[in-house]
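Visitor: build the 3D model from these lines:
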Amino acid sequence: MKSAMTQRARSPHPRIKVRRAHAQRGATAVEFALVFPLFFTILYAIVTFSLILVAQQNLTLAAEEGARAALNWQSNTSMQTALTNRGNAACAAAKLVAATLVQSMQCTPSSAACGPSGAMQCVNVLVSYNYQANPLVPSLPLLGFALPNTLTSSATVQLNPENIQ
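Guide: Below you'll find the predicted structure:
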């Protein structure tokens, strides 16, 4: 008898709890429907920008390796053909290093006089990836404004003209 009294004292109106539970039915689903798009957009943006940073890092590595390859001797007949051959070898090395993520990258070698007196020759390797034409993941409608059009990276090596030919 005492246990029945204490139970009644704890919950004086059991019908009120049932009504509250019935009134809250579906509230969780509505809250989820309101919050999920925001969380999904944030997660998608994190994944998108992470892949962009990975692609940029890969382009930087490809440009650096291409510039290192330009240091290797190439057969030539003149200074200009030596620089052209070294630039072509640099782009070939850069394309070998590039991951499948950025296989459609473009490589542009160039050479020019450089140094304090212009006595040295520099070979520049410029790699670029058209992100707008080849996105890594499809873009969300409003996220496209924050995405880059192209990803680029370059590396330069300085060559002594005495060692080029």
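Visitor: so how far is L151 from A133?
Guide: Distance of A133 to L151, computed by C-beta to C-beta, to the nearest Å: 12 Å. For glycine as for every other residue, the C-beta is placed from the backbone atoms N, C-alpha and C.
Visitor: of these two, which one has the most company?
Guide: More crowded of A133 and L151, by other C-beta atoms under 10 Å: L151, with 20 against 9.
Visitor: state the three-state secondary structure for N124.
Guide: Assigned with DSSP: H, G, I helix; E, B strand; the rest coil, N124 falls in the strand class.
Visitor: got the contact list for it?
Guide: Listed by C-beta atoms under 8 Å, 6 or more residues apart in numbering, the contact set of N124 reads 67, 109-112, 154-156.
Visitor: now L59
Guide: Residues in contact with L59 (C-beta under 8 Å, 6+ apart) are 98, 102, 105, 127-129, 151-153.
Visitor: now whichever helix in the chain runs longest: average pLDDT?
Guide: Counting residues, the longest helix found in the chain (DSSP state H) is helix 27-69. Averaged across helix 27-69, the pLDDT comes to 93.
Visitor: kindly report the same for stretch 83-99.
Guide: On average, the pLDDT along stretch 83-99 is 91.
Visitor: how about stretch 105-119?
Guide: Confidence over stretch 105-119, taken as the mean pLDDT, stands at 89.
Visitor: neighbouring contacts of it?
Guide: Under the criterion C-beta under 8 Å, 6+ apart, residues 59, 62, 66, 70, 83-84, 86-88, 90-91, 94-95, 98, 120-130, 156, 158, 161 lie in contact with stretch 105-119.
Visitor: are any of these buried, and if so which?
Guide: Neighbour counting with 16 or more other C-beta atoms under 10 Å marks 59, 62, 66, 70, 83-84, 86-87, 90-91, 94-95, 98, 121-129, 156 as buried within these.
Visitor: pLDDT value on L140, please?
Guide: You'll see L140 listed with a pLDDT of 87.
Visitor: what sits against it?
Guide: Residues near L140 by C-beta under 8 Å, 6+ apart: 41, 44-45.
Visitor: repeat that for 6 Å
Guide: Counting by C-beta atoms under 6 Å, 6 or more residues apart in numbering, L140 makes contact with nothing.
Visitor: just checking, it is part of a strand?
Guide: No - judged by three-state DSSP, L140 forms no part of a strand; its state is coil.
Visitor: could you check how far it is from I164?
Guide: On the measure of C-beta to C-beta, L140 and I164 end up 50 Å apart.
Visitor: great, nothing more from me.
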